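1. Quick one: sequence and predicted model below, then my questions.
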Amino acid sequence: MQNFYTYIDPAELARIADLELLARTVIAGLRGGAHRSMQNGAAVEFAQYRPYAQGDDSRLVDWRLYGRSDRLQVKQFQDERDMRCTVLLDCSASMDYGSGSVDKFRYAQMLAACVVMLAANQGDTVGFAAYHRELITHVPARRKDGQRHRILTAIDDARPAGASTDTAGALRAMGEVLPARGMVVLIGDLLHPADEMILHLRSLRAQRHDVLVLQVSDPAEQTFPFDRAVTLVEAEGGREQYAVPEAVRETYLENRTRHFEGIREACLASEIDIEEFVCSQPLDEALHRFSDRRNRGLIASRRRARGGA
């Protein structure tokens, strides 16, 4: 398979203060890869035109119309127009950690902005929610002028805080207000008990939402690279724990693996896509995962519309 990734260093992207410019930069580098399966299936119904946006697949441009009007217009299809995508961003204190130049929260902010821009460019109705111990921001999915700007502003204004994380509560709140058959993208570090979160993820699947979980981790969390005694401070509780790395590394890594493998197995058993990304990893890899999940959701939606399984 052709490699569409451009490997833009997240540290370089983090220097771009404007989230919209940052997202456009990443999407422009996808080289059409994220859009390669948008036209699969012969039953897609043309709905309308919309102005071309940077990052759109050039194959969807109506070149004959361009020749007559000198305007770049993209063909938009019925299935695209009906997709609703809501992005949930974890703003808990545990996200405020970084061993390198990009911490988890900044990486998550950049990722959320890119997902929102890519979804909006593809004609989706986009919403956003931010949470820690409670839901702190909710921009419902709407199709109106300025929606993308409102969401990007909300992402930019978000800050990691809170003495605890209630991902399950945020998912429950979304399940109560979101119309069925949309797409939910959860971005967070998943550093909390998982049973109730899994329960509400499954509830969203029962409402026929396509669900994608993008786990954000710091490289140091994956390897515990410390080589001298340290005092660890709990991000969401403030408790201190003195640790000798050689004595605790193996147990820490085993517990971490057990925690996340349990989440992954539970998600996959419920047809919930999940992928881990570290703060040094190119954002476009996550966008390809989002686009693949979205396109599979559109195919399933077409089958349901035809009365299939």
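-> Nice, I can see it. Just so you know, these numbers come straight off a predicted model, no measurement behind them. Numbers count the residues shown, from 1 in each chain.

2. for this structure, where's the lowest mean pLDDT among helices and strands?
-> helix 78-81 (a mean of 48; mean pLDDT, DSSP states H and E).

3. Output the contacting helices and strands for the helix or strand following that one.
-> With elements assigned by DSSP states H and E, the helix or strand that comes after helix 78-81 is strand 84-90. For strand 84-90, the packing partners by 3 or more C-beta pairs under 8 Å, 6 or more residues apart in numbering; DSSP states H and E come out as helix 104-121, strand 125-131, strand 135-142, helix 167-177, strand 183-188. Just so you know, the C-beta spots here come from the backbone N, C-alpha and C atoms, and that holds for glycine as well.

4. out of these, which comes closest to Tyr66?
-> Tyr66 lies closest to helix 104-121 among the helices and strands packed on strand 84-90, at 17.9 Å (C-beta to C-beta).

5. by contact count, what packs against that closest one?
-> helix 10-13, helix 19-28, strand 84-90, strand 125-131, helix 147-157, strand 183-188, strand 210-217, helix 283-305.

6. Now these in JSON lines, please, with extra columns for mean pLDDT.
-> As requested, the helices and strands packed on helix 104-121 are arranged in JSON lines below (pLDDT from 0 to 100):
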{"stretch": "helix 10-13", "mean pLDDT": "93"}
{"stretch": "helix 19-28", "mean pLDDT": "93"}
{"stretch": "strand 84-90", "mean pLDDT": "97"}
{"stretch": "strand 125-131", "mean pLDDT": "97"}
{"stretch": "helix 147-157", "mean pLDDT": "97"}
{"stretch": "strand 183-188", "mean pLDDT": "97"}
{"stretch": "strand 210-217", "mean pLDDT": "97"}
{"stretch": "helix 283-305", "mean pLDDT": "77"}
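
7. Present these as TSV; the columns should include mean neighbour count.
-> Formatted as TSV, the helices and strands packed on helix 104-121 follow (neighbours: other C-beta atoms under 10 Å):
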stretch	mean neighbour count
helix 10-13	16
helix 19-28	20
strand 84-90	26
strand 125-131	24
helix 147-157	18
strand 183-188	25
strand 210-217	23
helix 283-305	19
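
8. Can you add distance to Arg106 and give those back as TSV?
-> Below are these laid out as TSV (distance: least, C-beta to C-beta, whole Å):
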stretch	distance to Arg106
helix 10-13	8
helix 19-28	11
strand 84-90	12
strand 125-131	14
helix 147-157	11
strand 183-188	12
strand 210-217	10
helix 283-305	11
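
9. So which of the ones you listed is nearest Arg59?
-> Nearest of the helices and strands packed on helix 104-121 (C-beta to C-beta): helix 283-305, 14.2 Å.
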